[in-house]
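Colleague: Just the structure for this:
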Amino acid sequence: METTTISSNGESELKDEIQGLLASFPSERNWDGAPLYFYKGVWYPVFAIRGALSFQKHFIAQDTDIILASMPKSGTTWLKALTFSVVNRNIYSPKESPLLATPPHELVRFFEIDLYSKTQLPDLKQLPSPRIFSSHSHYGTLPQSIRDSGCKIVYICRNPLDQLVSYFHFARKFKRENYKPLSSIDEGFDNVCLGILSHGPFWDNVLGYWKASLERPDKVLFLKYEDLKEDIISNLKKIAEFLGIPFTEEEEKEGVIEEISRLCSLDSLRNLEVNKNSVRPSGLPNSSFFRKGEVGDWVNHLSPSMAENYLKIVEEKLSGSGLTFRTSQLEQLPPPRIFGCHSHFANLPESIRNSKCKVVYIFRNPLDQVVSFFQFAHQFKHDGTPLLSLDECYENICRGVLGQGPFWDNVLGYWKASLERPDKVLFLKYEDLKEDIISNLKKIAEFLGIPFTDEEEKEGAIEEISRLCSLDNLRNLEVNKNGVRPSGAPNSSFFRKGEVGDWVNYLSPSMAENYLKIVEEKLSGSGLTFRTSQ
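Modeller: I've put the predicted structure just below:
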């Protein structure tokens, strides 16, 4: 039996009961200006809470049902199109697909805002099997019949930064009487960091399905939006196999998977007439479900400090779960891409060592390096763990036990590589840059194959760069004075003194002499020398 029959008077009483409950729920302002209601650990938008509560109370799952779940703006529309096409591929060819004339959200309806929003007890018995539904509900709030039946759940997760930005732009397209949308992401950012957003907290929504996918991989398939963007073919196969309808060898040879991927691509869906001009029952145009869909678009909307702060919070909430996500698509970065690294040369990926990419290594004398790192590390928060003094760390340092050490092995790998492959590796010394930045800027430019022209030199381009990038200038920029890294270290901690020879204020003569002796022995015969004072 699908649902309990109820009279019109009974349904009216149910609505009144929910209306009475709403008055007792904590509420906050959503991105669209309308209320968010907090109930049993979840923030529901005003237009979804009645449907969500009724769905949770009354829906009876069938073993053949397929539930598509997600946080809002995580690739839900795309997943609906893909899953519908995979399930119905023997009924409709891509050229005959209902997707060509019907929006994905009409083919796969939401429990909370479609099926249970207008009527508390919809009749779903007439829907053909397998029925495909969609939900933004947390795993722990799903009806027991979904969790206990043989039905399948496919969850799609998107990195929190892109999800946040996408939902902000989406929510502001709602036009609601008496409600004014938030004017900027900044206005709602503090709430987001507390988990207050539609169907949030983000981390609780994601974690419920992630843990379920680990405990019951035959029940819950956990997909990542970024993975689908990178390799849609493999993920279509994964979806089909999980649903028990894998693509046959014949289908693969005939290009059926590729046809589905083309039909359901965001560009294809976005440009269909039905998705450009039709309107959802809520009044929202279907075009609003197709914005950019890019990985890493958050960089155009969030400040570095906002992104770092929110990522830090999310990572802390997901700590120990094993769940990770990408916030950028390296393949989409424009060339030349510039990355930073503390890895030893021998540990670099083979593709770095064997390709034509360039490596610029900067070396600092061991005494200043160890003092600077000690001061830097002490700016991290260690949850009450007592911090060691330099004296207490000293014996370990002499054995090479320090971040990315041993010091001599890290340095020697790049030094030797620079001698063997001077076109591949440029070895710079911090002390030389401090003494003559102009010559070293020229050296860097020449090594990278973009030497300064005579005209640039005459116009003072090198001097302008040196002034812009001076430690004093960088230190005093607002972004470097106030921003925070995901690790918790303030950006200001990367700009301490930068002086050559500052070690004399922290190391005793005997400590310095002993450590220098060890380093010089390790570097013996390499030809590498360094200065410990200016």
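Colleague: Which helix or strand contains Y37?
Modeller: strand 35-39 (DSSP states H and E).
Colleague: Which positions within that strand qualify as buried?
Modeller: When neighbours are counted by 16 or more other C-beta atoms under 10 Å, the buried residues of strand 35-39 are found to be P35, L36, Y37, F38, Y39. Bear in mind the C-beta positions are built from the backbone N, C-alpha and C, glycine included.
Colleague: Pull the distance from it to the chain's centre.
Modeller: Once both centres are worked out by C-alpha atoms, centre = their mean, to the nearest Å, strand 35-39 turns out to sit 26 Å from its chain's centre.
Colleague: How about stretch 403-422?
Modeller: On the basis of C-alpha atoms, centre = their mean, stretch 403-422 sits 33 Å off its chain's mean C-alpha point.
Colleague: returning to what we had before: mind putting the buried residues of strand 35-39 into TSV with pLDDT?
Modeller: As requested, the buried residues of strand 35-39 are exported to TSV (pLDDT from 0 to 100):
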residue	pLDDT
P35	87
L36	90
Y37	92
F38	93
Y39	90
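Colleague: what comes into contact with the strand holding Y37?
Modeller: Outside strand 35-39, the residues that touch it by C-beta atoms under 8 Å, 6 or more residues apart in numbering are 21-22, 25-30, 43-46, 49, 53, 196-198.
Colleague: Starting from it, tell me which strands it pairs with and how they run.
Modeller: According to DSSP bridges, the neighbouring strands of strand 35-39, each with its direction, are strand 27-29 (antiparallel), strand 42-45 (antiparallel).
Colleague: Could you list the residues in contact with the longest one?
Modeller: By C-beta under 8 Å, 6+ apart, the residues outside strand 42-45 that reach it are 28, 30, 32, 34-38, 52, 112, 137-138, 141, 195-201, 204-205.
Colleague: residue boundaries of the strands in the stretch 251-400 of the chain?
Modeller: Ranges of strands in the stretch 251-400 of the chain, per DSSP state E, counting those that start in this stretch, are 359-363.
Colleague: what about it, any weak spots by pLDDT?
Modeller: Under the criterion pLDDT under 70, the flagged ranges of the stretch 251-400 of the chain are 274-275, 278-293, 328-333, 380-386.
Colleague: how does it look with 90?
Modeller: Filtered on pLDDT under 90, the stretch 251-400 of the chain yields the residue ranges 263-309, 324-335, 337, 339-343, 347-354, 373-395.
Colleague: What are the boundaries of the helices in it?
Modeller: Ranges of helices within the stretch 251-400 of the chain are 256-263, 266-270, 273-277, 304-318, 350-354, 366-377, 390-398, based on DSSP state H, counting those that start in this stretch.
Colleague: Including distance to N235 and mean neighbour count, could these go into JSON lines?
Modeller: JSON lines is the format used below for the helices of the stretch 251-400 of the chain (distance: least, C-beta to C-beta, whole Å; neighbours: other C-beta atoms under 10 Å):
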{"stretch": "helix 256-263", "distance to N235": "9", "mean neighbour count": "19"}
{"stretch": "helix 266-270", "distance to N235": "14", "mean neighbour count": "17"}
{"stretch": "helix 273-277", "distance to N235": "22", "mean neighbour count": "14"}
{"stretch": "helix 304-318", "distance to N235": "22", "mean neighbour count": "18"}
{"stretch": "helix 350-354", "distance to N235": "24", "mean neighbour count": "11"}
{"stretch": "helix 366-377", "distance to N235": "41", "mean neighbour count": "20"}
{"stretch": "helix 390-398", "distance to N235": "46", "mean neighbour count": "14"}
